[in-house]
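In: what's the 3D shape of this:
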Amino acid sequence: MKGYGHLDMVKRDFSEYWNKIHTFRKPIVAAVNGYCVGGGTETIMMCDVVYAGEKAQFGQPEIKIGIIPGAGGSQRLPKAIGKSKAMEAILTANLISAQQAMDWGLISKVFPVDQVIPEAIKLAERIAAKPRVAAMMAKQAVKLAYEVPLSQGVQIERTFSVTLAATKDFKEGMAAFLEKREAVFTD
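Out: Prediction:
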């Protein structure tokens, strides 16, 4: 952002880059080692599952340079960790350790540094083995929990569930369950 004037910043829509992550339909698994601050923390909050190495640190330190988060951090962080913790993190620029981030619900799991990427890959492979359309609808339904009233979210979930019941993958999943075997999904 160095070298950009106010009008340059207004004209250039930096949010378009982050919006591609936020609106990506397939599940996104993130793996973090080291510092993940500012736009990094904003990016992982758009991911679906986040694993971190035990030395990872997170935060929104923008206030140190006289601005605030600009890619959704002030909106997503309170939803992830609660208003008071988010206020403290944003207003003080204090960093959040990996363990704290997990305890507060910002990330899913903490691993030794050398295991975080292999574990994230294993998780991504497990998710990829599930029915593709069901995974995309599950992701959308969970994300909507933060954006719509409960009654509307439950109705959308029900619609998705009924829609998925008409797929070949559902039929295969039910047959595999009844036959006590692994399902082989194709959709």
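In: where does this protein have low pLDDT?
Out: 1-15 (pLDDT under 70).
In: For the chain, which segments are assigned as strands?
Out: Here the chain has its strands, by DSSP state E, at 29-32, 35-37, 49-53, 57-59, 96-97, 109-111.
In: hmm, who's touching the shortest one?
Out: Residues outside strand 96-97 that contact it (CB atoms under 8 Å, 6 or more residues apart in numbering): 56-59, 89, 104, 106. The way it works is simple: take the backbone N, C-alpha and C, and place the C-beta from them, glycine included.
In: Now with 10 Å, please.
Out: Strand 96-97 has contacts (CB atoms under 10 Å, 6 or more residues apart in numbering) with 36-37, 41, 52, 54-60, 77, 81, 85, 88-89, 102-104, 106-107, 110.
In: So which other helices or strands are in contact with the longest helix belonging to the chain?
Out: In the chain, assigned by DSSP state H, the helix with the most residues is helix 150-164. Packed against helix 150-164 by the contact rule (3 or more CB pairs under 10 Å, 6 or more residues apart in numbering; DSSP states H and E) you find helix 132-144, helix 168-178.
In: what's the angle between it and helix 132-144?
Out: 180 degrees (axes from the mean of the first three to the mean of the last three CA atoms, to 10 degrees).
In: start the count at 46, not 1, going forward
Out: Fine by me, first position is 46 from now on; the one you just mentioned is helix 195-209.
In: Pull out the buried residues from helix 195-209.
Out: Going by neighbour count (16 or more other CB atoms under 10 Å), the buried part of helix 195-209 is 198, 201-202, 205, 209.
In: In JSON lines, list those along with distance to S142.
Out: Listed next are the buried residues of helix 195-209 as JSON lines, based on distance: CB to CB, whole Å:
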{"residue": "G198", "distance to S142": "32"}
{"residue": "I201", "distance to S142": "36"}
{"residue": "E202", "distance to S142": "34"}
{"residue": "F205", "distance to S142": "36"}
{"residue": "L209", "distance to S142": "39"}
